[in-house]
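A.B. asks: turn this into a structure:
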Amino acid sequence: MTWLIGALLFFSHVAGIITAVFALMSSRTSQGAVAWIVTLVSFPYIAVPIFWTFGRPRFYGYVSARGERDTVLRQVLQRYRPHMESYISRPESISGRIRAVEQLAMMPMTRGNRADLLIDGEATFESLFDGIARAEEYILVQFFIVRADEIGLAFKRHLIHQAEHGVNVYFLYDEIGSRGLPGGYLRDLEEAGVRVSAFNSSRGWRHRFQVNFRNHRKVMVIDGREGWTGGLNIADEYLGCVERYGPWRDTHLKLQGPSVLALQEAFWEDWYWATGDILALTWTTRNIREESQHVAIVPSGPADGRETASLLVQHAIHGARHRLWVTSPYFVPDHGVQDALILAALRGVDVRVLIPERPDHLLVFLSAFAFLPEMIRNGVKIYRYQPGFLHQKTLLIDDHTAMVGTVNLDNRSFRLNFEMTAYVPDKRFAAEVHAMLERDFAVSRQVTERELAERPLWRKVVSRATYLLSPVQ
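C.D. replies: Model (predicted):
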């Protein structure tokens, strides 16, 4: 028995050293690499399984699937890109800031779009249901959270009705975010002819323990002509019907025009990972001449070669000259974003960050208090939304650009989740977002440095401790 225990300890330490080398070569930050190496070498029997479950920096299976899919995608692009040429923004007509966004998105910015701001749940669900009713060929549906509550059942009925009338419906959900969704809900969809799949982040034995990667995207596409993305999932709380959260403040976006094909392409890629199937979709579009707004769709996630979401946010912050207003329910940004916000405030930009007053994830809520005092000292204004829970993910740059999407300002959205952002460099749209956020700030309170300094010592200690866990929150 003694020799068996010795052998297990020996192999545990060997596994710890091998995993530590992997962590050294693959960790995205030096702090993360040091923390993992020390833990893996010191306590391998505990740290090794934790690392392969929560610590892997990239979604390697998805990277491989993307390579396989690219050959097929290029063949499709050869057929539909000629139709897109007239909608792609010409390089001479766009600035360097737009080129950087296109490089991050790996998709072109297009003109001839219409972007409609949808404020809160009632407007969003009305728009989603109306869109489903207009579908003639297919409906692509992807949400992080789907619940079998009142709004979830209504959503199911709309999809089933269209499927029974010959519309092809594809329903993709994240199995972690929707872990409470009953099997009967999915069976009802399948029996009506809806193609249903979990995202399957742990698909295959090689990726069995990749449970820390989530698909946080919220996307719906109708016939390749209309698309939606933003902060809302399919659940009653997004209508403010759950007493625990109170009135729910959120923002979604409806798109028409060529940009919808970029949403469709991202869904297509996710569906291919989840099922191995290549969907036959419509890749033609029409110009929305009365609006002709420029839009770039920026998908991001742990299969990217770069930290797309974090770089996009930093790029937006560095581009601000007068105003930078940010809303995020979970505000634990990395040091690059923290420093960019401070630098913007130091150069005279009106930097405001709006976060919730009441938490729904306690660890993330507490983590923010670890670095807020320094930000406030350097001129960043922090506000807390009062009426209810704030869940919107928006960013306003001066008077010319706004971003709406699914990205929270935290490590999970920057590095672990698949996300989606619509980047809209349009003054009319920016003015709408400005007016919306002005109303939000009017019912919020500004956090003071004194308020944070007067917190009890135990709360300060807890905040620092929870901040150390931010990479896996």
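
A.B. asks: so residue 253 makes contact with residue 230?
C.D. replies: Yes. Residue 253 is within contact range of residue 230, at 4.8 Å (criterion: C-beta atoms under 8 Å). Backbone N, C-alpha and C define where each C-beta goes, glycine included.

A.B. asks: ok, how many other residues are close to the closest residue to residue 314 other than its chain neighbours?
C.D. replies: Once flanking residues are discounted, residue 314 sits nearest to residue 340: 4.9 Å by C-beta to C-beta, 6 or more residues apart in numbering. Other residues lying near residue 340 total 22 when counted by other C-beta atoms under 10 Å.

A.B. asks: hang on, residue 300 packs against residue 423?
C.D. replies: No. Under the criterion of C-beta under 8 Å, residue 300 makes no contact with residue 423, lying 11.5 Å away.

A.B. asks: what is in contact with these two at once?
C.D. replies: Jointly contacting residue 300 and residue 423 under the rule C-beta atoms under 8 Å, 6 or more residues apart in numbering are residue 312.

A.B. asks: tell me which helix or strand comes right after the lowest-mean-pLDDT helix or strand in the chain.
C.D. replies: Lowest by mean pLDDT, DSSP states H and E among the helices and strands of the chain is helix 60-84, with a mean of 57. Heading C-terminal from helix 60-84, the first helix or strand you meet, by DSSP states H and E, is helix 96-105.

A.B. asks: remind me what that following helix packs against, helices and strands.
C.D. replies: Using 3 or more C-beta pairs under 8 Å, 6 or more residues apart in numbering; DSSP states H and E, the elements in contact with helix 96-105 are strand 293-300, helix 308-319.

A.B. asks: what are the buried residues along it?
C.D. replies: Residues 97, 98, 100, 101, 102, 104, 105 are the ones in helix 96-105 that count as buried (16 or more other C-beta atoms under 10 Å).

A.B. asks: ok, and what's touching it?
C.D. replies: Outside helix 96-105, the residues that touch it by C-beta under 8 Å, 6+ apart are 89, 91, 108-109, 262, 294, 296-300, 306, 308, 311-312, 315, 319, 423, 425.

A.B. asks: just the buried residues from these, in ChimeraX please.
C.D. replies: Typed into ChimeraX, the line below selects the buried ones among these, using 16+ other C-beta under 10 Å:
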select :89,108,109,262,294,296,297,298,299,300,308,311,312,315,319,423,425
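
A.B. asks: next, the angle from the one helix or strand residue 434 maps to to strand 293-300.
C.D. replies: Using DSSP H and E, residue 434 maps to helix 427-442. Orientation of helix 427-442 against strand 293-300 (axes from the mean of the first three to the mean of the last three C-alpha atoms, to 10 degrees) gives an angle of 60 degrees.

A.B. asks: how far off centre is helix 427-442?
C.D. replies: Computed by C-alpha atoms, centre = their mean, to the nearest Å, the chain-centroid distance of helix 427-442 equals 21 Å.

A.B. asks: give me the mean pLDDT for the helix or strand just after that helix.
C.D. replies: Remark: after helix 427-442, the chain's next helix or strand is strand 444-446, criterion DSSP H and E. On average, the pLDDT along strand 444-446 is 96.

A.B. asks: what does stretch 229-246 give?
C.D. replies: Mean pLDDT, stretch 229-246: 90.

A.B. asks: tell me who's in contact with residue 286.
C.D. replies: 225, 257.

A.B. asks: for the protein, which strand is longest?
C.D. replies: Ranked by residue count, the top strand of the chain under DSSP state E comes out as strand 110-119.

A.B. asks: quick one on the thing from earlier: reformat the helices and strands packed on helix 96-105 as CSV; add mean pLDDT.
C.D. replies: Output for the helices and strands packed on helix 96-105, formatted as CSV (pLDDT from 0 to 100):
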stretch, mean pLDDT
strand 293-300, 93
helix 308-319, 95
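
A.B. asks: in JSON lines, list the ones you listed along with distance to residue 148.
C.D. replies: Shown next, in JSON lines, are the helices and strands packed on helix 96-105 (distance: least, C-beta to C-beta, whole Å):
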{"stretch": "strand 293-300", "distance to residue 148": "28"}
{"stretch": "helix 308-319", "distance to residue 148": "30"}
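
A.B. asks: wait, which of these is closest to residue 444?
C.D. replies: Of all the helices and strands packed on helix 96-105, it is helix 308-319 that lies closest to residue 444, at 20.4 Å by C-beta to C-beta.
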